[in-house]
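Trainee: build me a model from this:
(2 chains)
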Amino acid sequence: MNEGLLQRFKTVLGGLAERVFPDAAGEPVGVVAPANLREAARKLRDDPELQCDYLSFASAQDLTPRDPRFDGVYQFYSTGKHHWMRLRVPVAEGEALPSLASLYRTADWHERETYDLFGISYDEHPDLRRILLTDNWYGHPLRKEYDARLEPVWPLGTDVLQNRAEEAMAGHESRDEGPARSIVLNLGPQHPATHGVMRLAVVLDGENIVNAVPHIGYLHTGIEKLSEIHNWTQNITHYPRMDYLSPMNNELAYCLAVEKLLGLEPPKRAQYIRVLMSELTRIISHLVWLGTHALDLGALSPVLYCFTEREKILDLYEMIGGQRMMTSYMRIGGVKADMPAEFPDAVRAWAKEFPAQLAMYHGLLTNNPIWRNRTMGVGVMDRETSLNCGLSGPLARAVGVDWDLRRDNPYTSFEEFEFDVPVETAGDVFARYLVRMEEMRQSHRIVLQALEKIAQTEPGDYIVADYKKAPVPRDGINQSIEELIHHFMYWTEGIPVPAGEAYGYIEASKGELGFFVVSDGGSKPQRVKIRGPSFVNLSALPDMVKGHLVSDVIAVIGSIDIVLGEVDR
Amino acid sequence: MIPDPVAPASGVPAPFSESGYMLATLNKVIGWFQSYSVWPLTAGLACCAIEMMSASMSRFDIARFGSEVFRASPRQADLLIVSGRLSWKMAPVVRELYDQMPFPKWVISMGACASCGGVFRTYSIVHGVDHIFPVDLYVAGCPPRPEALLDALVKLQKRVRTGSYVSPTVLEGRR
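Mentor: Here you go, the predicted structure:
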């Protein structure tokens, strides 16, 4: 626990905070009144020691039957000082919170989401309307009384496709006369280049983009709500299906968050296996990004090579986790099973081939004049806007933000690994391409180091041996009655997790992936907030495409590397 | 006797190779043609869409079954693979895609979510896409392996070969 940080946090907030306490991981949490929220956030941002220049997420929690009913939750981070802190703002039903959108632009979408799912409104919000559900949806799903299994009736009527955004665009009605033709063009939600079910309304002046309004929520699954009715272990099943291009990374982030609440430290072998799988996952995610991104821009062959390479890693996935994609291999306190004896050799065989493959991708694209023309100088963002919009991961590193959670806030023993963090400064689509290509090379380095480290650990030591928190091995069940009882309790009741809150984060392939979990001491979470990097990165899309041509939108969407499962959750 | 145009293992009906002609119902001949050129719609929803993409890539190579031509426009497609969970917000859009596809058309519901809601039986998900339009084949799995999708495609081809052709005049009469 960082005592100095907690003290400084207390001093900076001063009288604004009603209460300050450390969470399960020792990160400072302050409780402030709604009227003081904006002032408190400004102080955290401007204080020379705290420098919270980055709003990770803004969300809420329903604490029924407490009065006031809700807590607004704001997670801050400092990209210079690498520390986290959180504000909790009690707010009653019908009361409004002040919007932070004027301080952090990323708050715009986060607050819309909270408004949609909790029904908390925000003062001075630039554009407060539903974001994930349809405009005519009834109720707010994350309120405790809302039924997660509710089966709605078909939302009949002709206006189901109609979104209020179009009405807001009434001033932009298409017209033919005048010097430049102005039209509103709709891209998606069924469009091969939007990488899923995203819809983008683009206001055009000739072929130049005047404005772009992304519409999301076409894949809203209610994973956060579902997490509240399943127990801590069962929940692992949902998350790989969220960012389905990097399944194991999602499981890892969730397990880290729960382990913080439980105070568990997985054995070293489990940690190294996690590192290994997390880096392989990063590579498959980047391979799909590279293939589809190139495909969108007209290069048809990379996608075939990338998928062939991806299949090799999926074979490794299948070997260790038993499934091609949704393995649920990461478990609370370790991993599901030890790696098979032949696994390290299989990984080495793959690793031997991979650098040549990567060199081939570079050969296909990096110096290709068409590729360079389509990507250089497109979708440029500057450093300040990027931080203010909450961009993380390769997007942030492409504008010169030297920040990687693996290096700066190491988790699962990443501090023992040697790797470089690629940083570019151009901030365009090409810079993002270079960052991701280099990340694949670094991941390959980490994979090889992880294999060596795993070889030095004891086989079979893949999960904590505390059977109140981890499953009993199969052969243990037949040996003693205690272990049989543990087995029974684990699989029927689930793990009782001590009351408290924690934020588990990882550097996922797309950026900062975080799970904010709150427990009331029971076997089911009170609240699971998923901070998906795609959701935040996508919110900056209008800034990146304004002034460009329609065809550049495709390049920019590809370079953000969104996965709609994670955007909509 | 009317020979079955596709029954013999050689692929060429016996009367055709001997005499230079064959007899079959128009229904069966058209079904035979159609079964080897089922063009799917490029409509990915969620995780299953990635496995659908894998099925069309070099390892699994859906082109072996004549279905590699993924069309981005529903007006050129005759197979809708519902690949992934379908939300109520997306449902009207997919229904519109289905309506825009020309007759005859088929639907494969790929994966547990599309078939019944799967693990995601929540407020926002359609608990089975057969609420929205008729489904020909359901593929189990979460997500199904590409082989499972190819198996579904082969089963669909069998069904198409039995003849689904209905002449436009008959269709008009039905309306």
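
Trainee: where does the chain dip in pLDDT?
Mentor: Reading this off chain A. A:1, A:152-181 (pLDDT under 70).

Trainee: nope, chain B
Mentor: B:1-20, B:163-175.

Trainee: mind checking the longest helix of the chain?
Mentor: By default, I'm working from chain A. Counting residues, the longest helix in chain A under DSSP state H turns out to be helix A:268-296.

Trainee: the chain in question should be chain B.
Mentor: Per DSSP H, chain B has its longest helix at helix B:146-161.

Trainee: centre of the chain to the longest helix of chain A, how far?
Mentor: Counting by C-alpha atoms, centre = their mean, to the nearest Å, helix A:268-296 is centred 15 Å from the centre of its parent chain.

Trainee: which neighbouring elements make contact with whichever strand or helix holds A:L358?
Mentor: Using DSSP states H and E, A:L358 falls within helix A:343-365. Identification of packing neighbours for helix A:343-365 by 3 or more C-beta pairs under 8 Å, 6 or more residues apart in numbering or on different chains; DSSP states H and E yields helix A:268-296, helix A:301-321, helix A:429-455. Just so you know, the C-beta spots here come from the backbone N, C-alpha and C atoms, and that holds for glycine as well.

Trainee: tell me which other helices or strands the shortest one touches.
Mentor: What it means is helix A:301-321. Using 3+ C-beta pairs under 8 Å, 6+ apart: helix A:301-321 touches helix A:268-296, helix A:343-365, helix B:47-56.

Trainee: past that helix, which element shows up next along the chain?
Mentor: strand A:330-331.

Trainee: can you list the strands that that next one pairs with?
Mentor: strand A:334-335 (antiparallel) (DSSP bridges).

Trainee: close to chain B, is stretch A:51-71?
Mentor: No. Using C-beta under 8 Å from any C-beta of the partner chain, stretch A:51-71 never reaches chain B; the gap is at least 15.2 Å.

Trainee: got the CA positions of that stretch in CSV?
Mentor: Output of stretch A:51-71 as CSV, limited to C-alpha atoms (Å, rounded to 0.1, in the frame of the first residue of the first chain):
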residue,chain,number,x,y,z
GLN,A,51,-1.3,14.7,-12.1
CYS,A,52,-4.4,12.6,-12.9
ASP,A,53,-4.4,13.5,-16.5
TYR,A,54,-6.4,10.5,-17.5
LEU,A,55,-10.0,9.5,-16.6
SER,A,56,-10.1,5.7,-16.9
PHE,A,57,-13.9,5.4,-16.6
ALA,A,58,-16.9,7.0,-15.1
SER,A,59,-19.7,4.7,-13.9
ALA,A,60,-22.0,4.1,-11.0
GLN,A,61,-23.2,1.5,-8.6
ASP,A,62,-26.7,0.8,-7.3
LEU,A,63,-26.6,0.4,-3.6
THR,A,64,-30.3,-0.2,-2.9
PRO,A,65,-31.7,0.0,-0.1
ARG,A,66,-29.2,2.6,0.9
ASP,A,67,-30.3,6.2,0.8
PRO,A,68,-29.0,8.0,-1.3
ARG,A,69,-29.4,5.1,-3.7
PHE,A,70,-26.5,5.4,-6.2
ASP,A,71,-22.8,6.0,-6.1
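
Trainee: reformat the helices and strands packed on helix A:343-365 as JSON lines; add distance to A:I463.
Mentor: Listed next are the helices and strands packed on helix A:343-365 as JSON lines, based on distance: least, C-beta to C-beta, whole Å:
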{"stretch": "helix A:268-296", "distance to A:I463": "6"}
{"stretch": "helix A:301-321", "distance to A:I463": "14"}
{"stretch": "helix A:429-455", "distance to A:I463": "15"}
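
Trainee: show me what contacts the residue of the stretch 251-400 of chain A with the smallest separation from chain B?
Mentor: Nearest residue of the stretch 251-400 of chain A to chain B, counting by C-beta to the nearest C-beta: A:F307, 3.9 Å away. Listed by C-beta atoms under 8 Å, 6 or more residues apart in numbering or on different chains, the contact partners of A:F307 are A:287-288, A:291, B:53-54, B:57-59.

Trainee: skipping adjacent residues, who's closest to A:W491 in space?
Mentor: Leaving aside its sequence neighbours, A:W491 sits nearest to A:P471 (C-beta to C-beta, 6 or more residues apart in numbering or on different chains; 7.4 Å).

Trainee: in chain B, mark out all the strands, start to finish.
Mentor: Ranges of strands in chain B, per DSSP state E, are B:79-83, B:106-110, B:137-139.

Trainee: export those strands to JSON lines and tack on mean neighbour count?
Mentor: What follows is the strands of chain B, written out as JSON lines (neighbours: other C-beta atoms under 10 Å in any protein chain shown):
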{"stretch": "strand B:79-83", "mean neighbour count": "27"}
{"stretch": "strand B:106-110", "mean neighbour count": "25"}
{"stretch": "strand B:137-139", "mean neighbour count": "21"}
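
Trainee: residues of the longest helix of chain B that come out buried?
Mentor: Of the residues in helix B:146-161, B:146, B:148-150, B:152-153, B:156-157, B:160-161 count as buried by neighbour count, 16 or more other C-beta atoms under 10 Å in any protein chain shown.

Trainee: show me what it is packed against.
Mentor: helix B:26-35, helix B:47-56, strand B:106-110, strand B:137-139.

Trainee: show me what the shortest one packs onto, helices and strands only.
Mentor: This means strand B:137-139. Partner elements for strand B:137-139 (3+ C-beta pairs under 8 Å, 6+ apart): strand B:106-110, helix B:111-116, helix B:146-161.

Trainee: go with 7 Å
Mentor: strand B:106-110, helix B:146-161 (3 or more C-beta pairs under 7 Å, 6 or more residues apart in numbering or on different chains; DSSP states H and E).

Trainee: mind listing what the first one pairs with, with the direction of each?
Mentor: Spelled out, it's strand B:106-110. Strand pairing for strand B:106-110, determined by DSSP bridges: strand B:79-83 (parallel), strand B:137-139 (parallel).

Trainee: thank you, goodbye.
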